[in-house]
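> Give me the fold of what follows.
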Amino acid sequence: MENPTALAIGETTFPFHDFAEMGPHIESALGDAVDVTRSTDLADLTDLSGYDLVVDYLTDSTLTDDQLEGLLAFVRDGGGYLGLHCAADLTSVHAGGGELAHREEPFPELRELVGGHFLTHPEQSTFGVDVVAEHPVVDGVEDFEVFDEPYQVEADDDVTVLARMDHPDLEAYPVVWVREYGDGRVCYASLGHTEDSLANEQYRRLLRNAVGWLARV
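Predicted coordinates for the structure are as follows:
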């Protein structure tokens, strides 16, 4: 059986989520579970017919109508969507010169796709991730500790939360959830700011499981 194929999309707009730096670590974390094409060209979202899933590592999710509809239609029609870390930041936009600006509300169509969005985060730290449900995405994944940027997120009631944060100063915010979108599948995982997180063996197992579930292999 051939590997599923993924378009991993990111940007080099902001130094803190630089896809030129983080893209290879994301691809390494996904390992041989999927054949990855990395891109910073948002126009690639207009035609996803050659892929089984999209891996989203965008901070500024400003898309043209064609790019947005290309992504949404792909997932609605049975494609997979794996949102990592900053993919849930649906209010940050580029203000020019590498500076960050913020929308008052998340991009609504993407908020519906993801099933939640980023609120804020404290400084990077070591914290626990506890598996809280049974699901193919967390099959064989044990509770683990990771050094990363702990995302405080809001998630819809109809998503299935698979893992939660165990942080001494924060609520047990969701770290991983899944949902259906049309005929497609969505998985969001909030880890991925640091190289350490993407090298964590438990997280790598989770991400590779996610690929299989999203691509139905």
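> alpha carbons only for contacts and neighbour counts from here, please
Will do.
> Touching the lengthiest helix in the chain from outside, list them.
Assignment by DSSP state H gives helix 201-215 as the longest helix of the chain. The contact list for helix 201-215, computed with CA atoms under 8 Å, 6 or more residues apart in numbering, reads 4, 29-31, 33-34, 52-53, 79-82, 136-144, 184-187, 197-198.
> Next step: those restricted to helices.
Per DSSP H, these map to helices at 29-30, 197-198.
> farthest-separated two in these?
Across these, no pair lies farther apart than 30 and 197, at 12.5 Å, counting by CA to CA.
> tell me which residues of the longest helix of the chain are tucked away?
202-215 (16 or more other CA atoms under 10 Å).
> so how far is that helix off the chain centroid?
Taking CA atoms, centre = their mean, to the nearest Å, the mean C-alpha location of helix 201-215 is offset from the chain mean by 12 Å.
> same thing with stretch 67-82?
For stretch 67-82, the distance from its own C-alpha centre to the chain's C-alpha centre is 14 Å (CA atoms, centre = their mean).
> Could I get the average pLDDT for it?
Taken as a whole, stretch 67-82 carries a mean pLDDT of 98.
> What of stretch 189-197?
Mean pLDDT, stretch 189-197: 97.
> Do me a favour and get the end-to-end distance for that stretch?
In stretch 189-197, first residue to last residue: 11 Å (CA to CA, to the nearest Å).
> likewise stretch 183-203?
Stretch 183-203: ends 26 Å apart by CA to CA.
> buried ones in it?
Buried residues in stretch 183-203 (16+ other CA under 10 Å): 184-195, 197-200, 202-203.
> so who does residue 25 touch?
Remark: with contacts taken as CA under 8 Å, 6+ apart, residue 25 is in contact with 195, 198-199.
> so can I have a markdown table of those residues showing distance to residue 157?
What follows is these, written out as a markdown table (distance: CA to CA, whole Å):
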| residue | distance to residue 157 |
| --- | --- |
| 195 | 31 |
| 198 | 28 |
| 199 | 31 |
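> Return the residues in contact with residue 191.
Applying CA under 8 Å, 6+ apart, the residues near residue 191 are 84-85, 148-151, 175, 197-198.
> So which of the residues you listed are in helices?
Here DSSP H is the test, and the contacts of residue 191 give 197-198 as lying in helices.
> Just send the contacts of residue 191 back as TSV, with distance to residue 131 too.
Below are the contacts of residue 191 laid out as TSV (distance: CA to CA, whole Å):
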residue	distance to residue 131
84	17
85	17
148	17
149	18
150	16
151	16
175	9
197	16
198	17
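> hmm, back to that, looking at the buried residues of helix 201-215, which is nearest residue 170?
Using CA to CA, residue 203 comes nearest to residue 170 of the buried residues of helix 201-215, at 20.5 Å.
> Pull up the gap between that closest one and residue 114, please.
Computed with CA to CA, the distance linking residue 203 and residue 114 is 19 Å.
> thinking again about what came up before, could the buried residues of helix 201-215 be laid out in CSV, adding pLDDT?
Conversion of the buried residues of helix 201-215 to CSV gives the following (pLDDT from 0 to 100):
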residue, pLDDT
202, 98
203, 98
204, 98
205, 98
206, 98
207, 98
208, 98
209, 98
210, 98
211, 98
212, 97
213, 98
214, 98
215, 98
